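Peer 1: curious how this folds, go ahead:
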Amino acid sequence: MAQKIQSKTPKTNADGSNTIMTMFVLDANPFEGVAGFQLPAGARVAVVTSQPEAASSVARTVGKRFRGNSMVVRRMRRLAKAKERDETTNTVNKAAFEPDARSRAVLQGVRIAQNDLQAAGGAFDLEQVRALLHGVSRQAVDKRVQEGSLLAVPGPSNRRCYPTLQFNRDGTVVGGLKEVRDSLPVESPWAVLNFLARADVRLSGRKPIDVLREGNLQLVLEAANRYGEQGA
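Peer 2: Numbers count the residues shown, from 1 in each chain. Below is the predicted model:
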């Protein structure tokens with residue numbers, strides 16, 4: 001009868017069950033007489049299986065021409081586990097977690113607006129705005145934001161920040177902000193900031209906030225109505 005050596009260390013499957021890996025190594029060279037093929041010196045041919053019935057069949061068929069090799073069995077077990085891990089990883093569709101073009105555009109828009117904010121002088125926090133407005137309450141500041149006469153953007157930890165470009169040198173708020181916001185075809189405070197802070201060809205290359213400071217509200221409203229038009 002064939003001598004069969006089984007690995008005593010079971011392979012743990014994904015479901016928690018165990019599988020015994022069995023290897024048979026052929027002592028004789030099965031490729032003798034095959035033209036053009038020479039088995040390298042010291043090399044052996046092996047049959048590896050995790051199926052008991054297959055192992056028994058091999059043992060009955062080839063008899064004592066096979067012998068077990070537990071070292072190679074352990075190596076094969078490690079390779080099998082690595083393959084299982086790779087297959088599990090491959091079941092995750094990484095592309096499903098990538099933002100699409102529209103989402104990337106939204107993110108890029110926020111980054112551009114943040115750069116605009118920095119270039120325009122940054123932002124005040126709530127207490128600084130209250131001081132500029134002569135100690136008004138938090139509720140009064142919130143009301144002005146809600147009605148559109150004061151611009152606030154999300155800051156660190158999602159706390160409101162108030163772009164400094166909307167304040168005059170004496171601390172008052174530039175007039176006309178509410179009317180401009182009502183005329184703009186956008187609602188995002190970042191988009192409003194983008195409009196106010198960037199040079200506009202409809203205003204001869206000037207920034208809308210600067211034109212507002214001069215009291216030319218109508219010119220800015222006309223530019224606001226056309227905000228986002230191609231070529232604008």
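Peer 1: which stretches of the chain form helices?
Peer 2: Listed in chain order, the helices found in the chain under DSSP state H are 52-62, 70-90, 101-119, 126-132, 138-147, 177-183, 189-197, 208-213, 217-225.
Peer 1: now do the domain split for the protein, please.
Peer 2: Domain assignment of the chain by automatic domain parsing yields the ranges 11-90, 101-225.
Peer 1: residues contacting the nearest residue to Ala152 once chain neighbours are set aside?
Peer 2: Counting by CB to CB, 6 or more residues apart in numbering, Ala152 lies nearest to Arg160, which is 4.3 Å off, once chain neighbours are set aside. Yep, even glycine has a C-beta here, placed from its N, CA and C like the rest. For Arg160, the residues meeting the contact criterion (CB atoms under 8 Å, 6 or more residues apart in numbering) are Leu126, Val145, Ala152, Val153, Pro154.
Peer 1: let's go with 10 Å and repeat that
Peer 2: 123-126, 129, 141-142, 145, 150-154, 189 (CB atoms under 10 Å, 6 or more residues apart in numbering).
Peer 1: and it, bridged to which residues?
Peer 2: On the basis of DSSP bridges, Arg160 takes part in beta bridges with Pro154.
Peer 1: what pLDDT does the model give it?
Peer 2: According to the prediction, Arg160 has pLDDT 93.
Peer 1: pipe the helices of the chain into JSON lines and attach distance to Gly171, mean neighbour count and mean pLDDT per row.
Peer 2: JSON lines is the format used below for the helices of the chain (distance: least, CB to CB, whole Å; neighbours: other CB atoms under 10 Å; pLDDT from 0 to 100):
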{"stretch": "helix 52-62", "distance to Gly171": "86", "mean neighbour count": "14", "mean pLDDT": "60"}
{"stretch": "helix 70-90", "distance to Gly171": "58", "mean neighbour count": "13", "mean pLDDT": "61"}
{"stretch": "helix 101-119", "distance to Gly171": "19", "mean neighbour count": "13", "mean pLDDT": "84"}
{"stretch": "helix 126-132", "distance to Gly171": "4", "mean neighbour count": "16", "mean pLDDT": "96"}
{"stretch": "helix 138-147", "distance to Gly171": "14", "mean neighbour count": "14", "mean pLDDT": "96"}
{"stretch": "helix 177-183", "distance to Gly171": "15", "mean neighbour count": "18", "mean pLDDT": "95"}
{"stretch": "helix 189-197", "distance to Gly171": "18", "mean neighbour count": "22", "mean pLDDT": "92"}
{"stretch": "helix 208-213", "distance to Gly171": "14", "mean neighbour count": "20", "mean pLDDT": "96"}
{"stretch": "helix 217-225", "distance to Gly171": "20", "mean neighbour count": "18", "mean pLDDT": "95"}
